[in-house]
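K.L.:
fold the following for me, if possible:
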Amino acid sequence: MTEQTIVRAVLIAAALGILCGAVTAVTVSPDWTYTTQATVRSVSMSGDGTLVVAGGDDAKTTLIGDGGAVLWKEGSAATVNGVSVASDGSAVSTGGNDNRFSLYDVSGEKRWSKVMPARIYDVAVADDGAYLAVGSSDDQVYLYNATGGLVWSYVTNDDVLAVAVTPDAGLIAAGSNNDKVYLFDRAGNLLWSRVTLANVLSVSISPDGNYVAAGSADTKVYLYNRNGTLLWSVPTRGSVSGVSVSNNGERIAAGSLDRNAYLFDREGTIIWSEVIGTSVRCAAISADGTELAFGGDDRKVRTFTAEAPVQTTTASTTVPTVTATETGDGALSIVTSPAGANIYLDNRYMGITPLTVQDLTPGTYVVLLQLQGFESWTGTVPVSAGATVAVNTTLNPATTPTAAKPTEAAATPLAALGGTALAAAVLLLRRR
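P.N.:
Below is the predicted model:
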């Protein structure tokens with residue numbers, strides 16, 4: 001084999017590694033596959049991973065048990081956009097383009113159903129069907145009780161594309177076409193909202209309520225803690241239309257229109273990915289992070305079994321909502337004129353101004369602010385325990401093109417290896 005041939009082989013192998021992003025940090029094995037009659041728009045999994053419910057363009061809600069056995073099907077008048085099975089496996093909910101949403105027993109018997117004046121984009125049911133959250137094209141998030149009575153509603157001023165609830169409905173998350181992620185308590189109080197860079201297509205809350213995951217049309221998977229602090233955002237190569245997070249945020253499953261299924265750990269590292277071949281529109285994960293389900297344009301529901309994550313010990317099973325003073329952490333209140341600048345803290349994307357970034361460990365942070373058409377602003381800001389530091393700045397109009405965004409997440413080991421191989425190959429070619 002000639003040196004030239006070796007170089008070409010290195011280049012091809014490195015490029016494939018970077019583009020495909022194959023990751024094998026954990027062992028994940030295919031389980032069963034169920035084929036529907038059309039695109040699968042939504043999947044949901046019970047906490048123990050034994051039940052999967054699917055819905056989509058075939059206008060059917062299908063409950064599937066162990067081994068891919070169909071337990072029951074229920075037809076609708078139009079596309080089913082959202083389905084949900086309670087964490088305890090006791091109830092199933094569904095909603096879609098016929099403006100109807102329904103609640104069923106796990107046996108398939110309908111408890112109740114309602115027709116809205118607008119399209120239903122998503123539903124999420126709590127244990128025993130005690131509460132049902134609904135997202136609609138009338139720009140509202142709804143919460144209903146076990147008998148179908150309205151508990152509260154909240155107007156987001158744009159389509160609500162995704163909803164999620166904890167098993168006890170203590171927390172309700174929503175994602176909107178207005179690019180925002182919302183978190184509410186059971187009484188309907190808005191705890192926080194955060195802005196992404198595009199429509200929020202999917203949301204999920206860990207069963208313990210400690211973490212909120214979101215998928216956006218900006219291609220990123222986001223993970224927030226219970227207080228709304230952005231822990232990380234990692235880009236894929238397409239809109240992220242499905243996310244699901246396991247207990248304590250140990251693992252996050254995601255489906256992207258880049259035709260890949262992903263599994264992240266709590267630090268934002270991709271620990272597994274699978275090329276599905278068609279757009280992956282939905283994802284689900286069991287409470288312990290070992291069972292995965294994905295659905296998409298290939299009309300299939302695919303399930304996988306992953307090795308159990310390494311358990312970490314925490315002092316408490318809940319994350320209380322506290323102030324910076326109580327934790328000894330600090331905060332940054334960042335305001336720009338004009339507003340809407342992207343905020344990066346130590347090269348990590350945090351959100352859009354105006355924004356208060358909380359739960360910061362005392363220390364010095366590099367703040368980078370970027371807004372299209374304006375010069376970037378950067379500064380080093382010290383953060384002290386129990387204090388909120390204000391950063392108020394006016395951005396100057398750009399005289400040169402705005403600099404590219406910094407890297408938002410560390411490259412996977414494979415990508416880093418691929419980059420090294422490419423560099424070595426290029427040097428070798430130059431020497432010839």
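
K.L.:
how far off centre is the one helix or strand Trp72 maps to?
P.N.:
Assessed by DSSP states H and E, Trp72 sits inside strand 70-75. When C-alpha coordinates are averaged (CA atoms, centre = their mean, to the nearest Å), strand 70-75 and its chain have centres 28 Å apart.

K.L.:
quick check: Phe294 vs Arg186, distance?
P.N.:
As judged by CB to CB, to the nearest Å, Phe294 and Arg186 stand 30 Å apart. Every C-beta, even on glycine, is put in place using the N, C-alpha and C of the backbone.

K.L.:
name every strand pairing with the strand holding Trp72 and say which way it goes.
P.N.:
Strand pairing for strand 70-75, using DSSP bridges, gives strand 60-64 (antiparallel).

K.L.:
what comes into contact with the strand it pairs with?
P.N.:
34, 36-37, 51-55, 70-76, 80, 83, 85, 92, 94, 104, 106, 108, 301 (CB atoms under 8 Å, 6 or more residues apart in numbering).

K.L.:
so where's the stretch 301-432 of the chain shaky on pLDDT?
P.N.:
In the predicted model of the stretch 301-432 of the chain, residues 311-328, 400-432 satisfy pLDDT under 70.

K.L.:
please redo it, this time with the cut-off set to 80
P.N.:
310-329, 348-351, 358-359, 399-432 (pLDDT under 80).

K.L.:
helices of that one, start to end?
P.N.:
For the stretch 301-432 of the chain, applying DSSP state H, counting those that start in this stretch gives helices covering 324-327, 413-431.

K.L.:
just checking, Leu332 touches Val389?
P.N.:
Yes - counting by CB atoms under 8 Å, Val389 is a contact partner of Leu332 at 5.4 Å.

K.L.:
what sits in contact with each of those two?
P.N.:
By CB under 8 Å, 6+ apart, Leu332 and Val389 have these common neighbours: Val381, Val383.

K.L.:
looking at these two now, which is surrounded by more residues?
P.N.:
Leu332 (21 against 17; other CB atoms under 10 Å).

K.L.:
not counting sequence-adjacent ones, nearest residue to that one?
P.N.:
Counting by CB to CB, 6 or more residues apart in numbering, Leu332 lies nearest to Val357, which is 4.6 Å off, once chain neighbours are set aside.

K.L.:
what about the one you found, distance to Asn342?
P.N.:
13 Å.

K.L.:
mind listing the shared neighbours of the two?
P.N.:
By CB under 8 Å, 6+ apart, the residues touching both Val357 and Asn342 are Gly351.

K.L.:
between the two, which has more neighbouring residues?
P.N.:
Val357 (23 against 20).

K.L.:
in this structure that one contacts Asp329, no?
P.N.:
No - if you go by CB under 8 Å, Val357 and Asp329 don't touch, sitting 10.5 Å apart.

K.L.:
residues contacting the strand holding Trp72, please?
P.N.:
By CB under 8 Å, 6+ apart, the surrounding residues in contact with strand 70-75 are 34, 51, 59-65, 94, 102, 104, 107-108, 110.

K.L.:
give the contact list for the closest residue to Met116 other than its chain neighbours.
P.N.:
In this structure, Met116 finds its nearest non-sequential neighbour in Asn99, 4.9 Å apart by CB to CB, 6+ apart. Asn99 makes contact with Val115, Met116, Pro117, Ala118, Arg119, Ile120, according to CB under 8 Å, 6+ apart.

K.L.:
got a PyMOL select line for the buried ones in these?
P.N.:
Command for PyMOL, covering only those of the contacts of Asn99 found buried under the criterion 16 or more other CB atoms under 10 Å:
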select buried, resi 116+119+120
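
K.L.:
what's around the closest residue to Ile343 other than its chain neighbours, how many residues?
P.N.:
Leaving out its chain neighbours, the residue that sits closest to Ile343 by CB to CB, 6+ apart is Met350, at 4.5 Å. When neighbours are defined as other CB under 10 Å, Met350 has 22 of them.

K.L.:
helix or strand right after the host helix or strand of Gly95?
P.N.:
If you go by DSSP H and E, Gly95 is part of strand 91-96. Sequence-wise, the next helix or strand downstream of strand 91-96 (DSSP H and E) is strand 100-105.

K.L.:
cool, thanks, talk later.
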